[in-house]
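Student: Show me how the following folds:
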Amino acid sequence: MDWKLSLAGLLIGLLVGFTGMGGGSLMTPLLVLFFGFKPSIAIGTDIVHGAIFKSFGAVQHRRLGHVHARLTLWMLLGSAPFSILGVVLSWWLKREYGDGYEDTAKAILGIALVGCGIAFLVKAYLHRSPEDRPFILRPRDRVIAVATGVVGGFVVGLTSVGSGTLFGLVMLIAFPLTAAKIVGTDIFHAAVLLAVAGAGHLVAGHVDLGATGWLLIGSVPGVLIGGQFTVRLPDRALRIALAATLTLAGVKLVDPPGADVIVVTGAVASALAVLVAGSRWLATRGVVSGPAPGEDLAG
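Tutor: I've put the predicted structure just below:
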């Protein structure tokens, strides 16, 4: 199982390096569904793991000039204290309800994943290419940043989900940042936020340090490699696949009646959607690139 954890870490690291998101949203359900971790331990382990490997990505993006430091600070004013509140609530639920809390945590995590999946799908179809110029925060922007931090920080502390999804979505909609700066700022903010929340989970005893180590063997090189391709990767098909994965994993964790049918049907539909999106992207590239220099258009 050890090498499988490292492989999972590599895949998650590549995804986070490419897009700035998907770490906690995918790693926690992977630990629960495929490696048999209890939800509370999976959440704590994922948060500490994310804090460490995203720090490597944060340093890399900072050196590349992809981090809006002041926006990060304003988001942290809300997210850092409320992530601790989320951890405290998680600890209290565990103490009050014991093993019964695991089922509650599983349901909470599933609902959060469905929400993140929908958010990713929205992001897949949002197109905007602002100019890469200085962005000065206005009072309204600071309020949005702090409010986003409050909501996102609490969700991260409680479930480990949302450190990239929620913040990346808000930045894409609310602020005139390039894709590279959204990814870089997202990773930088997540690294600091997860360090705060991770400290709380360590104190609460919700972290498997051995599993964290094996995950890092794969995720650290993954996030560094992925970061090199942040601005080059056309990611609509990837985001559609990720949105489907998050949503279906959430449905499986909540386990409503007919969950297996929903998951299978959703997997087939999402696979077809990814194929269509990928085909359209390839066709567009062929049209845009046009004939090679000197090529006879008349054939």
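Student: low-scoring pLDDT stretches of the stretch 101-250 of the chain, where are they?
Tutor: 123-124, 126-133, 160-165, 229-242, 245-246 (pLDDT under 70).
Student: mind listing the helices for it?
Tutor: Using DSSP state H, counting those that start in this stretch, the helices of the stretch 101-250 of the chain run over 139-159, 165-174, 179-204, 209-227, 236-254.
Student: Point out the most buried one among those.
Tutor: Highest mean neighbour count of those: helix 179-204, a mean of 24 (counted as mean count of other CB atoms under 10 Å). For glycine as for every other residue, the C-beta is placed from the backbone atoms N, C-alpha and C.
Student: so how far is that helix from its chain's centroid?
Tutor: With CA atoms, centre = their mean, to the nearest Å as the basis, helix 179-204 stands 11 Å off its chain's centre.
Student: cool, stretch 7-17 as well?
Tutor: 11 Å.
Student: same check, this time on stretch 28-48
Tutor: Stretch 28-48 sits 15 Å away from the centroid of its parent chain (CA atoms, centre = their mean).
Student: likewise stretch 142-152?
Tutor: With CA atoms, centre = their mean, you get 17 Å for stretch 142-152.
Student: Also stretch 214-222?
Tutor: How far stretch 214-222 lies from its chain's middle: 16 Å, per CA atoms, centre = their mean.
Student: Quick one, which of the helices of the stretch 101-250 of the chain gets closest to V48.
Tutor: Among the helices of the stretch 101-250 of the chain, helix 179-204 comes nearest to V48, with 4.0 Å by CB to CB.
Student: for F37, phi and psi?
Tutor: phi -70, psi 150 (degrees, to the nearest 10).
Student: And for T178?
Tutor: Phi and psi for T178, reported as degrees, to the nearest 10, are phi -70, psi 160.
Student: if I look at it, how far off is G184?
Tutor: Taking CB to CB, to the nearest Å as the measure, T178 falls 9 Å from G184.
Student: Next: C116.
Tutor: C116 sits 20 Å away from G184, going by CB to CB.
Student: Please apply the same query to G149.
Tutor: G149 is 17 Å from G184, where distance means CB to CB.
Student: ok, now V170?
Tutor: Distance, V170 to G184, by CB to CB: 15 Å.
Student: what does R140 give?
Tutor: Counting by CB to CB - R140 and G184 are separated by 23 Å.
Student: follow-up on the earlier one: so for A8, which of the helices of the stretch 101-250 of the chain sits nearest?
Tutor: That would be helix 209-227 among the helices of the stretch 101-250 of the chain, by CB to CB, at 6.8 Å.
Student: thinking in terms of the whole chain, how far from its middle is the closest one?
Tutor: Offset of helix 209-227 from its chain centre (CA atoms, centre = their mean): 15 Å.
Student: which residues touch Y97?
Tutor: Residues near Y97 by CB atoms under 8 Å, 6 or more residues apart in numbering: T104.
Student: Which helix or strand contains the nearest residue to M27 once chain neighbours are set aside?
Tutor: Leaving aside its chain neighbours, M27 sits nearest to D46 (4.7 Å; criterion: CB to CB, 6 or more residues apart in numbering). Per DSSP states H and E: D46 is located in helix 39-63.
Student: Report all helices and strands that that helix contacts.
Tutor: On a contact count with 3 or more CB pairs under 8 Å, 6 or more residues apart in numbering; DSSP states H and E, helix 39-63 meets helix 2-19, helix 23-33, helix 69-97, helix 100-124, helix 179-204, helix 209-227.
Student: so A211 touches A8, yeah?
Tutor: No. Counting by CB atoms under 8 Å, A8 is not a contact partner of A211; they are 10.0 Å apart.
Student: Touching both of the two, which residues are there?
Tutor: Common neighbours of A211 and A8 (CB under 8 Å, 6+ apart) are F35.
Student: Which of the three states applies to P257?
Tutor: coil (DSSP: H, G, I helix; E, B strand; the rest coil).
Student: Could you give the number of residues near it?
Tutor: As a burial measure, P257 scores 6 neighbours (other CB atoms under 10 Å).
Student: for it, phi and psi?
Tutor: Backbone torsions of P257, given as degrees, to the nearest 10, read phi -60, psi 130.
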